[in-house]
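> Whatever this is, show me its structure:
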Amino acid sequence: MIDLELFSHGFVQRALVAAVLISVAAGIVGALVVVNRLVFMTGGIAHTAYGGVGTAIYTGWPVLPVTGAFTAAAALLLGMLSLRRRERTDTLIGVIWAAGMAFGLIMVELSPGYQAGLMTYLFGSILAVSSSDLWIMAAIDVVIVAAAIYYYRDILSFSFDPVFARTRGIPVTGLYLMLLVLVAETVVMMIQVVGLLLVIALLTLPPYLAQRYTRTLGGMMVVSGLFALMFCLTGLWVSYQFDIGSGPAIIATACVLFGAIVGVENGLRATVGRKDA
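Next comes the predicted model:
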């Protein structure tokens, strides 16, 4: 049991709000990442984001806005290069991935008087989210939800049949680049929650589960968001109970619950199969 007095603390209240905001973005963008098979691309964007973190630390500017701009620019660059050299996409991702991480580390090393450890941004801490961070997260959520609603039919066509989408005059290239920017901003949101090294898990596990229970892209987004929220809240509880970092606790919890859900589902299917036989 959790002491109800815990919820009277401001940092806990902000963590709960952050969990909800993160889940909205993770549900929508995560579903698009899985459907469009952009998991490796997303991993590259996530690691490149550390260049933005290093830039923010070096300049003394706010981390989320600077990292958001840096990561969006890197995502657009990666997207345009991958469109021109499709056969070298994996190589390009690896190069930009390494370049972003290296640049961020150099900026951190050159920052005078900087004492905080890299763990803060590599593994995250949802309990450290500030009120200003929440406003930025909410603004990103508004953009993501608005884009998903406005472009839903075009995104649906683009995600499942890009060739047909082009014949209908849908701007496939523009949608692809827009999706990468949305991925970049979602990654930036998650830096505070689970960190750069673990963000890919929260963007892929919920939609992978969601697609097993839904038949539409919209339904997949909603169910994926609910799974993400369940992972975040359960991970927070585990973090409190065992006094461990909230970021790793959320991802570890997500992996355990993912395994349990898939295991139970496969067990039920095997049981039903034997009965039918």
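> Report the distance from stretch 188-197 to the chain centre.
Chain-centre distance of stretch 188-197: 8 Å, with Cα atoms, centre = their mean, to the nearest Å.
> Could I have the CA atoms of that stretch written out in CSV?
Taking Å, rounded to 0.1, in the frame of the first residue of the first chain, the C-alpha atoms of stretch 188-197 are listed here in CSV:
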residue,chain,number,x,y,z
VAL,A,188,12.4,14.9,-26.0
MET,A,189,9.3,14.6,-23.8
MET,A,190,10.5,11.2,-22.6
ILE,A,191,14.0,12.2,-21.7
GLN,A,192,12.7,13.4,-18.3
VAL,A,193,10.7,10.2,-17.7
VAL,A,194,12.8,7.2,-18.8
GLY,A,195,15.9,8.7,-20.4
LEU,A,196,17.5,8.5,-23.8
LEU,A,197,18.7,4.9,-23.5
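> so who does residue 172 touch?
If a contact means Cβ atoms under 8 Å, 6 or more residues apart in numbering, then residue 172 has 158, 162, 165, 166 as its contacts. Every residue, glycine included, has its C-beta placed from N, CA and C.
> Just give the nearest non-adjacent residue to the second one, would you?
Distances taken as Cβ to Cβ, 6 or more residues apart in numbering put residue 172 closest to residue 162, at 5.3 Å, once the chain neighbours are dropped.
> Same check on the last one?
If you skip the residues right next to it in sequence, residue 166 has residue 172 as its closest partner in space, 5.4 Å away by Cβ to Cβ, 6+ apart.
> so residue 231 touches residue 206, yeah?
Yes: Residue 231 is within contact range of residue 206, at 6.8 Å (criterion: Cβ atoms under 8 Å).
> what residues do the two have in common as contacts?
Common neighbours of residue 231 and residue 206 (criterion: Cβ under 8 Å, 6+ apart): residue 254.
> Can you report how many residues lie near the closest residue to residue 57 other than its chain neighbours?
Counting by Cβ to Cβ, 6+ apart, residue 111 is the residue found nearest to residue 57 once chain neighbours are left out, at 5.0 Å. A count of nearby residues for residue 111, using other Cβ atoms under 10 Å, gives 17.
> Tell me how far residue 111 lies from residue 54.
Distance, residue 111 to residue 54, using Cβ to Cβ, to the nearest Å: 8 Å.
> which phi and psi does residue 54 have?
The phi/psi pair for residue 54 (degrees, to the nearest 10) reads phi -60, psi -40.
> still on that earlier bit, touching, the residue nearest to residue 57 and residue 55? I think so.
No: counting by Cβ under 8 Å, residue 55 is not a contact partner of residue 111; they are 9.9 Å apart.
> in the lengthiest helix in the chain, what's buried?
In the chain, taking DSSP state H as the definition, the longest helix is helix 246-276. Across helix 246-276, burial judged by 16 or more other Cβ atoms under 10 Å covers 246, 247, 248, 249, 250, 251, 252, 253, 254, 257, 258.
> Quick check: closest non-adjacent residue to the last one.
By the measure of Cβ to Cβ, 6+ apart, the closest residue to residue 258 outside its immediate chain neighbours is residue 205, 4.9 Å from it.
> Next one, pLDDT for residue 6 please.
Looking at residue 6, its pLDDT is 68.
> Please apply the same query to residue 246.
For residue 246, the pLDDT comes out at 88.
> check contacts around the closest residue to it other than its chain neighbours.
Excluding the flanking residues, the one nearest residue 246 by Cβ to Cβ, 6+ apart is residue 239, at 4.3 Å. Shown in contact with residue 239 (Cβ under 8 Å, 6+ apart): 127, 245, 246, 249, 250.
> between the residues you listed, which is nearest residue 135?
Checking the contacts of residue 239 against residue 135 by Cβ to Cβ gives residue 127 as the nearest, at 17.7 Å.
> what sits against residue 80?
Residue 80 sits next to residue 177 when contact means Cβ under 8 Å, 6+ apart.
> let's see 10 Å
Residues in contact with residue 80 (Cβ atoms under 10 Å, 6 or more residues apart in numbering) are 173, 176, 177, 180.
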